[in-house]
Structures are given as structure tokens and as C-alpha cells.
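J.: Sequence first, predicted model second:
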Amino acid sequence: MSADRVLYLDHLASTPLDPEVLDAMRPWLDPAAVGNPHAAWHRPGWRAAEAIEAARAEVAALIGARPGEILFTGGATEANNLALLGGIPAGWPAIASAIEHPSVLACLPELAARGHRTATLPVGPDGTADLDALKTLLAGRPALVSLMAANNEIGTIQPLAEAARICAEAGALLHSDAVQMLSTGLVDIRALDLAFLSLSGHKLYGPMGIGALFVREGTSLRPLLHGGDQQEGRRAGTLPTALCVGLGAACRIARQRRSADAQRLTALRERLFSTLQNGLPELRRNGSSDHGLPGCLNVSVPGLDAADLLLDLPDLALSTGSACSTGSPEPSHVLRAIGLSPEQAYGSLRFGLGRGTTEDEIDRVAARIAEAIRARDRG
């Protein structure tokens, strides 16, 4: 394999930009596209504003929202922070599952410093949230609850409908980080009665640097950024027209493709698992095998140093966990939360399959990894 040919199986960290998305963005990347979308006194500003509002409608359509309920953000980290820090009512506690993204979990200490009680919702061995524990934590009292739609490391899809029912009975507000779910799964915010939902462009085959937060109509939200009155004063800052247009196009394509993509990626995921297992019988699967993201497979191999293995396979692009945790010496908080020991967590690999993944790539990656691990065992 040539040095510059990389097999990319890290779509959970970032998806490649869809060519159709790039085509939609091109006119707004042209030097002549100079209009500030918030400039109401000339035609270039009007055109940019119209393009952004069209994109906002596409984002809304993906999740069944109204365009006015969509706020553009700089990404999902900002969206998650805005929901938790800006959306929690005074005096309410905050609850987040133990396997949330770091951009959610890192808000809990900040909320505690502001005087809010905080709690972590435990999960079972497959990563599914313990809803009996949620009932106990709420105890009929309102709170802001954050439960992701699907986990970014092990792929477990959460029972959002049941969690939403429990929250509604307690008068709680439910936020969901749906970043990983929306390219292959349906999240209907009306059916789930969500208060907030976060999404990200570069997990939807859209551009990096853009995300969005759904805020249910009538729900109070305090801004994190202060400045102009853009987006009705809820999120200050000039919107990047090209990025907003790209996110809108990515959402439109995802709405058209998600069912077919889910079916194809599920078949590829199971092919990868069975092929790996044939070569490595001691391999274990992490997460739910029945309720998991179509493009996610997380496995552990006893005695393996996964990070060290990947350094020896530079032509394979996959990971040992969340890209946002790279550089941390600690084992994955997600794998520890589902009961893995530090050794098992350090021996885990995460595969992220995507639209461009082929059966041939699956077979080649599985063979390379199995042979590399066996060679280490022989050495």
C-alpha cells in the first residue's frame, strides 16, 4: 500500500465533506460574496441573509423543527454549552449520563460552581442509560437532563422516547446531543418533546466550524456570547454564510440518504466484526449489538495496547476513543462507565464507518489488524 493511501475508518471523529455540500458552498467562498448577512441596507447582505435562512430551514427539516427554533453555533461543543449553561432555570439541578461527550460533562463542574446541584446518570454494561436511576434522581422534581441520542465511542443508541416521558412527568427539560445520530437515524423532536438538541456539521458530511442548537419555542435561553443582537440576541456574532449553507446542504442530503446509509453501514459493521472475530477469537464487543449506530464498532482485545498498535499502522485511520480526548493519559470515561478495567479500555479500538466505506476496505483493515496483533503476540 502506498504511503499516501490511507484507509479511513474514523467517521465518528469527522466525516469527509460531501462534494454536493462543497458545490453548495462555492458561491459563498468566492471573493465577490462579501455581503454581511446582518447588513440590512444593501443587496449583498440581503442575499447572504436569504441563503442563511434557507439553510436554517434545511436544518430544521432534518429534525422536524421550525426554522425559528434553530440557532447556528460554532459547533456542537458550543451548542452543548449553550444548552446546559444557558438553558438551565435558576435553582434547578442538572443531570447528565456518565457517557456524555466531554463538552457536556465539563459543564457540570461549572454549573456546580454557580450553585446548581449536579448528578451523573449511570449506564448499564452496554451503555444504555439506567432509566430507573433517572426516575430516582428526578424524584418528581424538575431538572435539566442531558442524554445523548447515540454514543460517540461505543455507538449505543439511547431510549430517548422513554427518557422524554420520564422527564415530562417530572416537569424536567431534556437536552440531547444528537451529533452522531443524525446521518443515519431519525430524531423527531416533536415526538420526543425535547427542549434542546445539538448537532454538528462535520459529523454530517458538512463543514467543520459550524453546528446548531434546537431550542423549543417558548423555552428560555440565556446567551453565552454577548455583543450584537444576531439570531434574536440569543447568540451574538456574524454568521459565516458559506458554513451555514454547507450545514443546510448536509442536513438536506442526510434526510434523503439516512435510511439507505443506515442499512448499508449496518451490514458493513457486522461484516467487520465477524471478520475481526474470526482472526481474533478473544475479541470482545463494547456497546449494544442490538441498539447501536450503524457505522460504529468498538472492540477490546486482551493484552493489547491499542494506541501503540495504531502507531505501527499509519495507513489505517481509526482511533482508540473520542478524538476530543486524544492526549489524555486516562482511559476512556465511556469504557470505564460500562465496567471495563483500565487495561481493557486501553486495549480498545473504535471503527467509524461512513458513506465511502467499501467491503474491500473492511476486509483489508480487518486482515491488517488481526495480523499486526498476532505478530505482536509472536514477538
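T.: Structure's in. What do you need? Residues are numbered from 1 along each chain as shown.

J.: Next one: the residue nearest the centre of the chain from R5, what distance?
T.: In the chain, the residue lying closest to the centroid (CA atoms, centre = their mean) is V179, at 2.7 Å. For V179, the distance to R5 equals 29 Å [CB to CB, to the nearest Å]. Where you see a C-beta, it was placed from the backbone N, CA and C, and this is true even at glycine.

J.: I'd say the residue nearest to the centre of the chain and K203 touch.
T.: Yes - if you go by CB atoms under 8 Å, V179 and K203 touch, sitting 4.9 Å apart.

J.: Please enumerate the shared neighbours of these two.
T.: Common neighbours of V179 and K203, using CB atoms under 8 Å, 6 or more residues apart in numbering, are A76.

J.: On the strand side of things, show who R284 bridges to.
T.: S300 (DSSP bridges).

J.: unless I'm mixing things up, it is touching V299, no?
T.: Yes - with contact defined as CB under 8 Å, R284 counts as touching V299 (6.5 Å).

J.: G171: neighbour count?
T.: 12 (other CB atoms under 10 Å).

J.: A90 now?
T.: Around A90 there are 9 other residues, counting by other CB under 10 Å.

J.: Can you check my assumption that it lies in a helix?
T.: No - in this structure, A90 is coil, not part of a helix, as judged by DSSP: H, G, I helix; E, B strand; the rest coil.

J.: Can you give me the distance of it to D188?
T.: A90 sits 30 Å away from D188, going by CB to CB.

J.: S319 too?
T.: Separation of S319 from D188 (CB to CB): 30 Å.

J.: In terms of packing, which of those two has more residues around it?
T.: Counted by other CB under 10 Å, S319 and D188 do not tie: S319 has more neighbours, with 22 against 13.

J.: give me every residue that touches the more buried one.
T.: So S319 contacts 10, 12-13, 310, 326, 349-350, 352 (CB under 8 Å, 6+ apart).

J.: From the residues you listed, list the buried ones, please.
T.: The neighbour count (16 or more other CB atoms under 10 Å) marks 10, 12-13, 310, 349-350, 352 as buried among the contacts of S319.

J.: Reformat these as a markdown table; add pLDDT, distance to T358 and secondary structure.
T.: Formatted as a markdown table, the buried ones among the contacts of S319 follow (pLDDT from 0 to 100; distance: CB to CB, whole Å; DSSP: H, G, I helix; E, B strand; the rest coil):
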| residue | pLDDT | distance to T358 | secondary structure |
| --- | --- | --- | --- |
| D10 | 97 | 15 | strand |
| L12 | 97 | 18 | coil |
| A13 | 96 | 19 | coil |
| L310 | 93 | 21 | helix |
| L349 | 97 | 19 | strand |
| R350 | 97 | 19 | strand |
| G352 | 98 | 15 | strand |
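
J.: Count residues in the vicinity of the closest residue to G339 other than its chain neighbours, would you?
T.: Sequence neighbours aside, P125 is the residue nearest to G339 in space, at 5.4 Å (criterion: CB to CB, 6 or more residues apart in numbering). Using other CB under 10 Å, P125 has 12 neighbouring residues.

J.: Check this structure for its longest helix and report it.
T.: Counting residues, the longest helix found in the chain (DSSP state H) is helix 241-279.

J.: list the helices and strands it packs on?
T.: Counting contacts by 3 or more CB pairs under 8 Å, 6 or more residues apart in numbering; DSSP states H and E, helix 241-279 packs against helix 19-29, helix 43-63, strand 296-300, helix 359-378.

J.: chain center to the shortest one: distance?
T.: Just to be clear, that refers to strand 296-300. With CA atoms, centre = their mean, to the nearest Å as the basis, strand 296-300 stands 16 Å off its chain's centre.

J.: Also stretch 21-31?
T.: 25 Å.

J.: Pull out the buried positions in it.
T.: 21, 24-25, 28.

J.: Contacts for that stretch, please.
T.: By CB under 8 Å, 6+ apart, stretch 21-31 touches 33, 48, 51, 205-207, 241-243, 245-246, 248-250, 253.
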